[in-house]
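In: Sharing a model that was predicted from the sequence below.
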Number of protein chains: 2
Amino acid sequence: VSQFGKVAIAGVGLIGGSFALALRKKRAVERIVGTGRSAATLARARELGIIDESAASIADAVEGARIVLIAAPVAQTEAILAAIRPHLGPGTIVTDAGSTKSDVVASARRALGDKIGQFVPGHPIAGRELNGPDAAIPDLYCGKKVILTPLAENSAQDVACIGAAWEACGAKIHRLTPEEHDRVFAAVSHLPHLLAYALVDDIAGKPHADLLFQYAASGFRDFTRIAGSSPEMWRDITLANSAALLKELDAYLAQLQSLRGHLVSGNGAAIEAVYANAQRARLNWSASIEATENQARQGGD
Amino acid sequence: VSQFGKVAIAGVGLIGGSFALALRKKRAVERIVGTGRSAATLARARELGIIDESAASIADAVEGARIVLIAAPVAQTEAILAAIRPHLGPGTIVTDAGSTKSDVVASARRALGDKIGQFVPGHPIAGRELNGPDAAIPDLYCGKKVILTPLAENSAQDVACIGAAWEACGAKIHRLTPEEHDRVFAAVSHLPHLLAYALVDDIAGKPHADLLFQYAASGFRDFTRIAGSSPEMWRDITLANSAALLKELDAYLAQLQSLRGHLVSGNGAAIEAVYANAQRARLNWSASIEATENQARQGGD
């Protein structure tokens, strides 16, 4: 008997599909059932061997599943949970892969009511530039972090079970509160996305935009790579985490105003101090990231 | 007889060294003489075959040279030109590789006086993450842009000669005025550097910086890669181009304030419009870059 029996996945794209492929590769699952809005995507996921079948209804998908993973855009989470609730038996744990957590938890409380204890919120820190079931790969989560933000109502066993499923995918489990999670990702992910989108939109709107783009080089390419991400997905994340994001944006605006003052007064020492501190922090960070990645490649811990 | 005879290079690091190696590979030069502040760097450049000899004096370096390339930090350009002037014969053209042009032209006018016609300002758009003579490679400029910002005092032949030298390195010549150049690079290079440094410094200064860096992932890595650049070099560029940079910074601050307003009012449609416009522009730009690079690889034009 495999570790997780039946698993249901709502949203069989890159994130949900890679979860399925990883569990399958580890022989940790008996049967994977998919559900989602697009019949074509579900058919493709079956063709690719990601799911065994697409569920005829949400009731069929959830029935007898050990784990239900919601891997759909964050704005759909509440509707999916509301549809799941009437069919949610006591042996099933629901988790998600959303990029924000406080709003997902609030949605889950509204949608699941007294079954909230069966929802263990999660966020895998992994991705590719591609999307959809064709982009799914079994190694997407290898060596990557998955953050769980357990609720007071969750049982320790249920949290451990979701952790074990992600570990079977090769991921490392971290725990934060939903609020900690949202504060951290506002700073290191949501704000950078907003800043990159803002810069490219700013440049694209100038009368000499063509001239500017003509001379943009590799530094610009790296800086703005995340502005190639899905506008709908990032609109949802921006709105879902707007409180934490506003705090980070305001701190950043204060930092830019301070640098602006140094520019106006020609204060080279102050400018260099900011740049040098940033360079030092950036080099330390990238060195530690590389050390971790090398360890992971060598099969270490 | 080779095309350029004797070439002198002030600053034999990545930029100057790669220029030397490229000319040598093309057999476009007879003798390359190096000069610079560090005897160790000059010795290393000789070991690596970048230069034939290090000049005993600036007079020796300039004497009989067809081209003198200044490839030192921008803040040193004026002092180097002032040292060159007394030894600058009529058959020698001086050029530079500085990342800003208006300030370099102003320095050159002060330092060279009535010999200003012999200075053809330039800026090769190429680089690597490494520095120094060991980082120099003959192909650094292959398929890359070199921007010349000729002066009214330059002769057409001298501008053509400097263009031919960079073309011998595999580069494509573009022409802008110094003011156009600085406006363009303020937007697509200098501002992104300032923004990336500001973000990393902002995060590094927070009490929970370690937690934040722990969860920073590949989007953050790309966005902040340029914050690993030399603080001294970028302090100089920031100060040298502060007028154009301030204009770009202010436009960007206005853009961020507008987005901030949409965040506060929860205006998802307005946020998505900015993000979608940026994504479209970014994808168009990267598609055109890739097309150009593919053409270059296929030996096309």
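Out: Right, received. Where do you want to start?
In: Apart from its chain neighbours, what residue comes closest to A:P90?
Out: Spatial nearest neighbour of A:P90, chain neighbours left out: A:Q118 (7.8 Å); criterion: C-beta to C-beta, 6 or more residues apart in numbering or on different chains. The C-beta positions use only the backbone N, C-alpha and C, and glycine is treated the same way.
In: pretty sure the one you found is touching A:H87, no?
Out: No: assessed by C-beta atoms under 8 Å, A:Q118 is found out of contact with A:H87, at 11.8 Å.
In: So the two - more neighbours on which side?
Out: A:Q118 (24 against 16; other C-beta atoms under 10 Å in any protein chain shown).
In: Report the separation between the residue nearest to A:P90 and chain B.
Out: A:Q118 sits 27 Å away from chain B, taking C-beta to the nearest C-beta, to the nearest Å as the criterion.
In: Tell me where chain A has helices.
Out: Along chain A, counting by DSSP state H, helices occupy A:14-25, A:39-47, A:58-62, A:77-84, A:102-112, A:156-168, A:178-185, A:191-204, A:209-215, A:218-223, A:231-240, A:242-265, A:268-297.
In: For these, give me TSV that also has mean neighbour count, distance to chain B and mean pLDDT.
Out: Shown next, in TSV, are these (neighbours: other C-beta atoms under 10 Å in any protein chain shown; distance: least, C-beta to the nearest C-beta, whole Å; pLDDT from 0 to 100):
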stretch	mean neighbour count	distance to chain B	mean pLDDT
helix A:14-25	25	14	97
helix A:39-47	16	21	97
helix A:58-62	19	27	95
helix A:77-84	20	16	97
helix A:102-112	20	12	97
helix A:156-168	18	16	98
helix A:178-185	22	5	97
helix A:191-204	25	4	98
helix A:209-215	17	5	95
helix A:218-223	20	4	93
helix A:231-240	22	4	94
helix A:242-265	17	5	98
helix A:268-297	16	4	90
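In: Quick one: closest of those to B:G219.
Out: helix A:191-204 (6.1 Å; C-beta to C-beta).
In: the inter-axis angle of the closest one versus helix A:242-265?
Out: 60 degrees (axes from the mean of the first three to the mean of the last three C-alpha atoms, to 10 degrees).
In: other SSEs contacting helix A:191-204?
Out: Helix A:191-204 sits against helix A:209-215, helix A:231-240, helix A:242-265, helix B:191-204, helix B:218-223, helix B:242-265, helix B:268-297, with contacts defined as 3 or more C-beta pairs under 8 Å, 6 or more residues apart in numbering or on different chains; DSSP states H and E.
In: try 10 Å
Out: helix A:209-215, helix A:218-223, helix A:231-240, helix A:242-265, helix B:191-204, helix B:218-223, helix B:242-265, helix B:268-297 (3 or more C-beta pairs under 10 Å, 6 or more residues apart in numbering or on different chains; DSSP states H and E).
In: Of all those helices, which one is nearest A:Q3?
Out: Distance to A:Q3, taken as C-beta to C-beta, is lowest for helix B:218-223 among those, at 29.7 Å.
In: Render the CA-only coordinates of that closest one in PDB, please.
Out: Below are the C-alpha coordinates for helix B:218-223, written out as PDB (Å, rounded to 0.1, in the frame of the first residue of the first chain):
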ATOM      1  CA  SER B 218      15.500  33.200  -8.000                       C
ATOM      2  CA  GLY B 219      13.300  36.200  -8.800                       C
ATOM      3  CA  PHE B 220      15.200  38.200  -6.100                       C
ATOM      4  CA  ARG B 221      18.500  36.800  -7.300                       C
ATOM      5  CA  ASP B 222      18.000  38.100 -10.900                       C
ATOM      6  CA  PHE B 223      16.500  41.400  -9.700                       C
END
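In: which outside residues touch it?
Out: A:125-129, A:187-193, A:195-196, A:221-227, A:229, A:282, A:285-286, A:289, B:192, B:195-196, B:199-200, B:203, B:212-213, B:216 (C-beta atoms under 10 Å, 6 or more residues apart in numbering or on different chains).
In: mind running it again at 6 Å?
Out: A:188-189, A:192, A:222-223, A:225-226 (C-beta atoms under 6 Å, 6 or more residues apart in numbering or on different chains).
In: With adjacent residues omitted, what lies nearest to A:R109?
Out: That would be A:I116: by C-beta to C-beta, 6+ apart, it lies 5.4 Å from A:R109.
In: The one you found: neighbour count?
Out: 18.
In: Could you do A:G91 as well?
Out: A:G91, neighbours per other C-beta under 10 Å, totals 10.
In: ok, now how distant is it from chain B?
Out: 32 Å.
In: count of residues packed around the nearest residue to that residue once chain neighbours are set aside?
Out: Leaving out its chain neighbours, the residue that sits closest to A:G91 by C-beta to C-beta, 6+ apart is A:R66, at 6.9 Å. For A:R66, the count of nearby residues is 18 (other C-beta under 10 Å).
In: so what's the spatially most central residue of chain A up against?
Out: Per C-alpha atoms, centre = their mean, the C-alpha nearest to the average position across chain A is that of A:S99, at 3.9 Å. A:S99 makes contact with A:I237, according to C-beta under 6 Å, 6+ apart.
In: correct me, but A:A198 touches B:Q255?
Out: Yes: A:A198 is within contact range of B:Q255, at 5.0 Å (criterion: C-beta atoms under 6 Å).
In: Distance from stretch A:140-153 to the middle of the chain?
Out: 10 Å (C-alpha atoms, centre = their mean, to the nearest Å).
In: An error on my part: the question was meant for stretch A:37-53.
Out: 22 Å.
In: okay, the closest residue to A:R175 other than its chain neighbours: pLDDT?
Out: Leaving out its chain neighbours, the residue that sits closest to A:R175 by C-beta to C-beta, 6+ apart is A:L148, at 5.4 Å. On the pLDDT scale, A:L148 is placed at 98.
In: Could you give the bridge partners of A:L148?
Out: Going by DSSP bridges, A:L148 is paired in beta bridges with A:G122, A:R175.
In: these two touch, right, it and A:T177?
Out: No: using C-beta under 6 Å, A:L148 is not in contact with A:T177; the gap is 10.5 Å.
In: what about these two, which has more around it?
Out: Between A:L148 and A:T177, A:L148 has the larger neighbour count (other C-beta under 10 Å), namely 21 against 14.
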